[in-house]
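Participant: I'll drop the sequence and a predicted model, then ask my questions.
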Amino acid sequence: MPHYRKIVLTTAAVLLFPLASQARNSVLHLDFQSVVDAAIADGQLDGTVKFYLKGKGGAVKKTFPEAVSNKKTNAFNKTDEEACAWALRSVLISFQENAKKHGANAVVNLVSYYKKNEYKSATQYECHAGAMVAGVAMKGNAAVR
């Protein structure tokens with residue numbers, strides 16, 4: 001019986017390999033502000049740094065050099081939206097840390113920057129979700145408002 005089991009397992013692996021090798025890469029455009037608000041509400045962000053997508057936020061007194069944050073998260077057992085929100089939270093935390101390092105109270109000119117391709121929206125961010133990993137990349141400037 002063990003011999004048959006080995007044959008069955010080998011056959012299953014050979015048949016399933018093509019499915020596993022075709023990685024899913026769904027591009028999602030999701031609401032930015034709802035993730036920011038939720039991260040502040042649950043304490044992941046402290047609220048001292050405000051986040052503004054490109055074209056929002058009004059006048060600033062001083063901006064600092066552009067920064068990029070690219071974060072990925074395990075998407076296993078999460079909806080695409082949940083995994084994307086988790087990745088965006090990680091991006092926002094890194095931007096908050098960078099802003100505080102510069103003595104800034106805002107991050108402005110935020111755009112999605114996945115594989116160095118810009119996606120600009122006044123309300124949404126871009127996320128790439130696969131079967132096992134979701135990722136968000138953004139760039140923006142720490143600023144004093």
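Facilitator: Great, that's in hand. Model, not experiment: these values are computed from the prediction.
Participant: pLDDT below threshold where in the protein?
Facilitator: The chain contains residues with pLDDT under 70 at 1-22.
Participant: How about the contacts made by the closest residue to Gly58 other than its chain neighbours?
Facilitator: Of all residues not flanking Gly58 in the chain, Arg145 sits nearest, at 7.4 Å (C-beta to C-beta, 6 or more residues apart in numbering). Heads up, the C-betas are built off the backbone N, CA and C, glycines and all. By C-beta atoms under 8 Å, 6 or more residues apart in numbering, Arg145 lies in contact with Lys50, Gly57, Gly58, Ala59, Val60, Lys61, Asn105, Ala106, Val108.
Participant: And Ser90, by the same measure?
Facilitator: Ser69, Lys71, Thr73, Val136.
Participant: Give me the buried positions along the longest helix along the chain.
Facilitator: Secondary structure assigned by DSSP state H gives helix 80-101 as the longest helix of the chain. Judged by neighbour count using 16 or more other C-beta atoms under 10 Å, the buried positions of helix 80-101 are 80, 83-96, 98-99.
Participant: And stretch 110-123, what's buried?
Facilitator: Leu110, Val111, Ser112, Tyr113, Tyr114, Tyr119, Ser121.
Participant: Verify the contact between the third one and His128 for me.
Facilitator: If I follow you right, that is Ser112. No. Using C-beta atoms under 8 Å, Ser112 is not in contact with His128, being 9.6 Å away.
Participant: got any residues that touch both of the two?
Facilitator: With C-beta under 8 Å, 6+ apart as the test, Ser112 and His128 both reach Val136.
Participant: can you map out the helices along this structure?
Facilitator: Under DSSP H, the chain gives helices at 2-21, 32-41, 80-101.
Participant: The residue nearest to Gly130 when sequence neighbours are not counted: neighbour count?
Facilitator: Leaving aside its sequence neighbours, Gly130 sits nearest to Arg24 (C-beta to C-beta, 6+ apart; 5.0 Å). For Arg24, the count of nearby residues is 11 (other C-beta atoms under 10 Å).
Participant: Next, the contact list for Arg24, please.
Facilitator: Ala129, Gly130, Ala131.
Participant: And it, how far from Asp42?
Facilitator: 29 Å (C-beta to C-beta, to the nearest Å).
Participant: do the same with Asn77
Facilitator: Distance from Asn77 to Asp42, by C-beta to C-beta: 20 Å.
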